[in-house]
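Colleague: I need the structure of the sequence given here:
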Amino acid sequence: MNAKNSVRRKLTALMMALLTGLAAVVGAPQASAANRDWLRPDSTGHCEWDRVGFWVQRCTVWSPAMNRHITVQIQPAQRGGNAGLYMLDGLRATEITNAWVNDVNAARTFKDNNITLVMPVGGQSSFYTDWNAPATYDFNHPVTYKWDTFLTKELPPYLQRNFGVSPTRNSIVGLSMGGTAAMNLAAWHRNQFKQATSLSGYLNPTWPGMYAGIQYAMNDAAKGANIWDMWGSPVDPRSFRNDPTVQAGRFRGMPLYLAASGGVPSRGEKFLENPRGVAAGIGLEWMARTSTAKFEMAARAVGARPVVSYPMTGLHAWPYWDAELSKARPHILRALGA
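Modeller: Numbering: from 1, shown residues only. Alright, predicted model coming up:
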């Protein structure tokens, strides 16, 4: 009888061990999936679900430097990983939504990946930098732009505390204005950013003519916006500090993805329906292509090895950037081990 009881106890113990192990295996994916299923706290109480879906939350983060709440759209990592991808908007960034989840859907692109998407809202014509003076396009309510400070000093602690994002394991991507900003932020904050991606960025803004071109584009997007309020004159040291080509040596050893097209309209572009828009898309993309090629040469001269994409077709527009983001995605994930 005792022998039978002993065997029974051993079998029971074995079954419990097997069930415990099975529960751990089955429970792990459920626990990781739950990382996206709850709203985090923010500076006004708690985040809200974004209408785009795909687990994107709208969170407000207080910025002492800009003296206001900044909205950030965030998609938590699928399995609770600590890697982050900062995604910067273009010149016409709105205060409503980051275009990475409006004009395209980056959240869908990275829905199966263990990386947190960080998409700040706002920053029209700001180049996501710290300005020398308040933006003057609204004289009654001048805006203080301190985006560099916000993105590198104020936002990271919030992300680490509430989303588990490491302050030192991030990539950054931007298009057009955001491409310039992504490269500048990566150059000067190497401890934070381990990979950078520029899609149609202006990567040599101090080249003759570029300063005036950027000024025209800034003012077109936000009346009264002045590049002199941002970086000073074309010979101001801050202008050269924010020129990725001049700072090419800072990218040595950093994985980079660069893209700019030849500006040739694809078959789907309806030139006759929008001749001004298509013409602008061609011109802006040529500016981006020229400056990106100059940066690539400077970067390779100092030992950097950027991955480049220079297709002939594609305008300075979201369909092209959406396609390039999908191409850049494996390079971003590989650089972060995500």
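Colleague: any idea how far residue 296 is from residue 208?
Modeller: Using CB to CB, to the nearest Å, residue 208 is found at 19 Å from residue 296. Quick note: C-beta positions are derived from backbone N, CA and C, even for glycine.
Colleague: of those two, who's got more company?
Modeller: Comparing residue 208 with residue 296 by other CB atoms under 10 Å, the one with more neighbours is residue 296, at 20 against 7.
Colleague: residues of the helix or strand containing that one that come out buried?
Modeller: Assigned by DSSP states H and E, residue 296 falls within helix 275-301. Of the residues in helix 275-301, 278, 280-282, 284-285, 287-296, 298-299 count as buried by neighbour count, 16 or more other CB atoms under 10 Å.
Colleague: in the stretch 51-200 of the chain, which segments are predicted with low confidence?
Modeller: For the stretch 51-200 of the chain, the stretches with pLDDT under 70 are 137-138.
Colleague: Okay, strands next: where are they in the protein?
Modeller: With DSSP state E as the criterion, the chain has strands at 41-42, 45-46, 48-49, 57-63, 68-75, 84-88, 116-120, 170-175, 193-199, 256-259, 307-309.
Colleague: okay, these in JSON lines with mean neighbour count next?
Modeller: Shown next, in JSON lines, are the strands of the chain (neighbours: other CB atoms under 10 Å):
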{"stretch": "strand 41-42", "mean neighbour count": "16"}
{"stretch": "strand 45-46", "mean neighbour count": "11"}
{"stretch": "strand 48-49", "mean neighbour count": "12"}
{"stretch": "strand 57-63", "mean neighbour count": "20"}
{"stretch": "strand 68-75", "mean neighbour count": "21"}
{"stretch": "strand 84-88", "mean neighbour count": "29"}
{"stretch": "strand 116-120", "mean neighbour count": "25"}
{"stretch": "strand 170-175", "mean neighbour count": "28"}
{"stretch": "strand 193-199", "mean neighbour count": "27"}
{"stretch": "strand 256-259", "mean neighbour count": "25"}
{"stretch": "strand 307-309", "mean neighbour count": "15"}
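Colleague: could I get these as CSV with distance to residue 241?
Modeller: Conversion of the strands of the chain to CSV gives the following (distance: least, CB to CB, whole Å):
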stretch, distance to residue 241
strand 41-42, 32
strand 45-46, 38
strand 48-49, 37
strand 57-63, 22
strand 68-75, 24
strand 84-88, 18
strand 116-120, 21
strand 170-175, 17
strand 193-199, 16
strand 256-259, 19
strand 307-309, 24
